[in-house]
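> Based on what follows, work out the 3D shape:
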Amino acid sequence: QVQLVESGGGLVQPGGSLRLSCAASGRTFSNYGMGWFRQAPGKEREFVAAISWSGLSTRYADSVKGRFTISRDNAKNTVYLQMNSLKPEDTAVYYCAAARIGTWGPTANYDYWGQGTQVTVSS
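Numbers count the residues shown, from 1 in each chain. Next up is the predicted model:
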């Protein structure tokens, strides 16, 4: 089992920045590709960003490319999502997830999920 706990959400004005963190515990964190997803009210959950187990490879949804950066610190068992130039349409609950071992990316199977953290972008 992998337990995931997100933090860092909040209210921010358009154009502002936030950094989300996801702390993992349980099994060896560095074995897992990690992803960030989000779900806005009334919408399906959507992929945001993913990072390979080594941290050397990343993928982004087109809607966040150039504004968001995913990173990880395997020594701290933590994955991050730096969000810059935030827009109202980024408002959602953000979830981190751990992919099935040996997989990663937007189409991987994600077996473990955090409880989510709310991000609200509004003036």
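> Please point out which parts of stretch 19-30 sit buried.
For stretch 19-30, a neighbour-count test (16 or more other Cβ atoms under 10 Å) marks 20-24, 29 as buried. Glycine gets a C-beta too; all of them are placed from N, C-alpha and C.
> which residues are in contact with that stretch?
Outside stretch 19-30, the residues that touch it by Cβ atoms under 8 Å, 6 or more residues apart in numbering are 1-9, 32, 34, 36, 53-54, 74, 76-83, 94, 96, 98, 114, 117, 119.
> Likewise for stretch 8-15?
With Cβ under 8 Å, 6+ apart as the criterion, stretch 8-15 contacts 18-21, 85-88, 94, 117-123.
> Now, of these, which are buried?
18, 20-21, 86, 94, 117, 119, 121.
> and the two most separated of those residues?
Farthest apart among the buried ones among the contacts of stretch 8-15 by Cβ to Cβ are S21 and V121. That separation is 18.3 Å.
> What helix or strand is the most centrally placed residue in the chain located in?
Geometric centre of the chain, nearest residue: W36, 2.4 Å, by Cα atoms, centre = their mean. Using DSSP states H and E, the element containing W36 is strand 34-39.
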